[in-house]
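Undergrad: Predicted structure and sequence below. I'll ask about it afterward.
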Amino acid sequence: MKKMLFALGGVAAFVAASAFVPQVASASEPYEASGFPHDKASILALNDKQLSILRRAVRYCGTFGRTRHNRDFCVLTNTDLDVRQSGDKALIAFHWALPVTDRYDERRSWVQLKRLIKP
């Protein structure tokens, strides 16, 4: 009986604690697609801005030694927050248009960015 009460108490504590965990932005965060440029020069400029924000979050979180940070909660939340707070609609659209694997990759290549350009 004591074991069962202990197990139920543990489950109740877990459920109560999970209600206070902040939610990470989903991969399909809504953004204004109207502000998204589709030319090469604009995409490269936005890529540089987004990488600067990502690298600043990496320095803040101290997660050196790897280039992909798509599983690091600190880097994800800080990068997403900085992009949102920038107020740059094109940067926000660019950030959320990238797949998650590329969005938090410091060494994304031009091949990965090409799919964002419309002819």
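TA: Sure, I can see it.
Undergrad: my guess is residue 79 contacts residue 57, does it?
TA: Yes. Look at residue 79 against residue 57 with C-beta atoms under 8 Å: they come within range, at 4.5 Å. For glycine as for every other residue, the C-beta is placed from the backbone atoms N, C-alpha and C.
Undergrad: Quick check: neighbours shared by those two?
TA: By C-beta atoms under 8 Å, 6 or more residues apart in numbering, residue 79 and residue 57 have these common neighbours: residue 69.
Undergrad: Low-confidence stretches in the chain?
TA: In the predicted model, the chain carries pLDDT under 70 at residues 1-34, 66-68, 70, 119.
Undergrad: Flag every buried residue along stretch 82-102.
TA: 82-84, 88, 90-98, 102 (16 or more other C-beta atoms under 10 Å).
Undergrad: Have a look at the chain and report its longest helix.
TA: Secondary structure assigned by DSSP state H gives helix 40-61 as the longest helix of the chain.
Undergrad: one step back: out of the buried residues of stretch 82-102, which sit inside helices?
TA: Among the buried residues of stretch 82-102, the ones falling in helices (DSSP H) are 82-84, 90-97, 102.
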